[in-house]
Structures are given as C-alpha cells and as structure tokens.
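Asks: Build the 3D model from these lines:
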Amino acid sequence: ISCKNMPIYDGQIYNANDNIILLQERLVTSINLTSNSMMGSLPREIGNFPYLTSLVLSNNAITGRIPTTIINLKELESLYLDGNNMLPVIPTEMCNLPALRELSISGNQGTASVDFLFPSEITKLTNLEIVEASNLGLTRVPQHLFEITSLQKLDLQSNQLEGFLVESLLPNLRELKLNDNRFMGSIPWSALTNLRVFHAHNNNLNGRFDASSISKMRNLVELNLDHNSLLDEFPAEFGDLPNLEVLKMADNRLYFFVPENLGDNGKLKLLDLQGNNLGGSIPESLGQSTTLKEVKLDRNNLSGAIPDEITDLVNLEILSLSGNSNLHGTFPKALGYL
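Replies: Modelled structure (predicted):
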C-alpha cells in the first residue's frame, strides 16, 4: 500500500474497525503513508500485519508512542517514523524483531531520557544496519547503540550531545553523522579508518590531526569538520585518499600550506577550507581534479598567482578566493570560458 503525498480522509489514522480502508491484513507487506498530514496515534492494530516488511509513516503529525503490538511484526525490516510529533520511545518488545534493519525516529519530540528512548535490549537487534535519531533533543550519547556490531549508519546530528567522541567505533560502521552538537576534545582518528562518511561540523572539537590514521582512511568519501577549533598544519595525507570527494574544514584554525597533492586523486568534487590561516600558493594539482565543482579558499593568507591549471576544471561552479590579500598577478582569462 502506498499513499505517499495523498490526502487522507479527515486527517486521521484509523484502526482496522473503522472500515475506512478494508484490507486483507495478512497479505500486506508494505505500507507507505509519507507526507499526508496524518494525525492521531499509531493504532495497536498495526500488529495485525504479520507479513509487513516495510512501514513508512514519515513527515506526518502522528502523536503518542510506538504500540507494543509491534512485536507481532516478525518480518519487519524497515521502520520510518521520522518527522512526526511522537514520543519515539523504543518499546522493549520491539527489540525482539529479528529482521529489523532500518530504524528512523528523527525529528520527533525526544523529551524522554536517552536510556528511555533506547533501552539496553536494543542490542538484541543483531541485524540492525541503519539508525537515524537526529533532532531529538538528546543530551547524552546513547551508548547501547555502539554495542550493535551490525550497525553501518548512525545519524545523531542536530541534538544537544556533549562530552568527548567515543574512542572506538563499530567494525561495520561506514557512515557517522554527529554534526550540530556540543562535542569537545580531540577527534579519535584511529577509530575512523573504516568510515566512508564522517560529519562532525558545528561542534567544539579541537586538537591535532593523526597523520598515520588519516593515511589509512582509504574508503573515506565525505569529511565535514567545518566550524570547530582544530589547530594544526593541514596534513598532506588527505591528498592520498583515493575515494575522497568532499573535504570541508572551513572556519577552524588550520595553518601552514595547502598540500600540493590535494587534487591528485582526481575525484574531489568539493573543497572548502575558507576561514583558516593557510598560507603559500594555490596548488597546481587542483587542476587535475576535473570533477571539482566548488573550491572555497577565501579568508586565508594565500599568496602568489592563481595557477593557470585552475582553468582545467571544466565542471567548476564556484571559485571563492576573497580575503587573501597576498594573491597577485593576472586573472586567468580562460576562467571566463568555464
């Protein structure tokens, strides 16, 4: 059943006795009612769909809690309740769903304590791969989530999480989003070597880079550390990462030079180092990353001429170099043809 972006009668969620939707419950495997302005609580009768594998109720106005009858959905693989007005407490009964792989409760009220939202029993979900729990008002890291070894994606962005980043991560974790919180201290680089995506912008992180660990981040595709207080030389090891596409470290306290090898991997699409204290010249190697769409190096201490190789960036959409008072020379005429 898919009623995405479809007006629902009277804006209510009706139970099986309302005769609004007559279904052969045992035949239903998927329900998608995304973005329908639905109100009311999730009815207990949701447990009457034993073969349901996907339940998607995102972006409505659903209230209340997850009913304990969800324990009957033994085939459930995906549960999306994000963007509602629920108190998204995970009932202990739900922790006995053997097939559950994806869970999203982002953007709900989140007024319960973190232990109440994520009970210790959640570690029984041994097939869980994705947890999205952003914008819930959490103030403490839900430690039990870091005991689920099957987890591949964890999204805790836009909460009020404080303290230091965990020193060790799960072996299968590939995507970690911790941005827009209140984390402090140094980044445990040695724990990040298996990640493809790491977002930790808009925190209070400081400390230095671990060049040895960075060189092992061979799978890294996106790194966003904008708006922190990182104080160190910019490590050349980032230029050796073969899959790096997005590198954002704006508004930190990075100094020394932009590494000459930064464009060598040929896959970089977005480079944002604005608002630091980087000196030296703009690397000619950036011209090798013909995939680059955005280069933001403004508000640094760069000097010298804009290299002609920049004109090789045929996909370039944004080039921002303002606030570098020591840049000189003529503007490459070929830039006008990009």
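
Asks: Can you identify the element that follows the worst-scoring helix or strand of the chain on mean pLDDT toward the C-terminus?
Replies: Taking mean pLDDT, DSSP states H and E as the measure, the chain has helix 114-117 as its least confident helix or strand, at a mean of 77. Sequence-wise, the next helix or strand downstream of helix 114-117 (DSSP states H and E) is strand 130-132.

Asks: That next one pairs with which strands?
Replies: In the sheet, strand 130-132 lines up against strand 102-104 (parallel), strand 153-155 (parallel) (DSSP bridges).

Asks: Same list, these, but as a markdown table with mean pLDDT please.
Replies: Below are these laid out as a markdown table (pLDDT from 0 to 100):
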| stretch | mean pLDDT |
| --- | --- |
| strand 102-104 | 98 |
| strand 153-155 | 98 |
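
Asks: Helices of this structure, residue ranges please.
Replies: For the chain, applying DSSP state H gives helices covering 114-117, 211-214.

Asks: circling back to that earlier point, format the strands paired with strand 130-132 as CSV; extra columns: distance to Leu321 and mean neighbour count.
Replies: Heads up, the C-betas are built off the backbone N, CA and C, glycines and all. Listed next are the strands paired with strand 130-132 as CSV, based on distance: least, Cβ to Cβ, whole Å; neighbours: other Cβ atoms under 10 Å:
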stretch, distance to Leu321, mean neighbour count
strand 102-104, 40, 21
strand 153-155, 34, 20
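
Asks: Just send those strands back as CSV, with distance to Asn300 too.
Replies: As requested, the strands paired with strand 130-132 are arranged in CSV below (distance: least, Cβ to Cβ, whole Å):
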stretch, distance to Asn300
strand 102-104, 39
strand 153-155, 31
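
Asks: what about Ser325, neighbour count?
Replies: The number of residues packed near Ser325 is 9, by other Cβ atoms under 10 Å.

Asks: Buried residues of stretch 155-170, list them for me.
Replies: For stretch 155-170, burial by neighbour count (16 or more other Cβ atoms under 10 Å) applies to 155-159, 161, 165, 169-170.

Asks: Now find how far off-centre the least confident helix or strand of the chain is within its chain.
Replies: 21 Å (Cα atoms, centre = their mean, to the nearest Å).

Asks: Can you list the low-confidence ranges for the stretch 201-338 of the chain?
Replies: The stretch 201-338 of the chain contains residues with pLDDT under 70 at 331-338.
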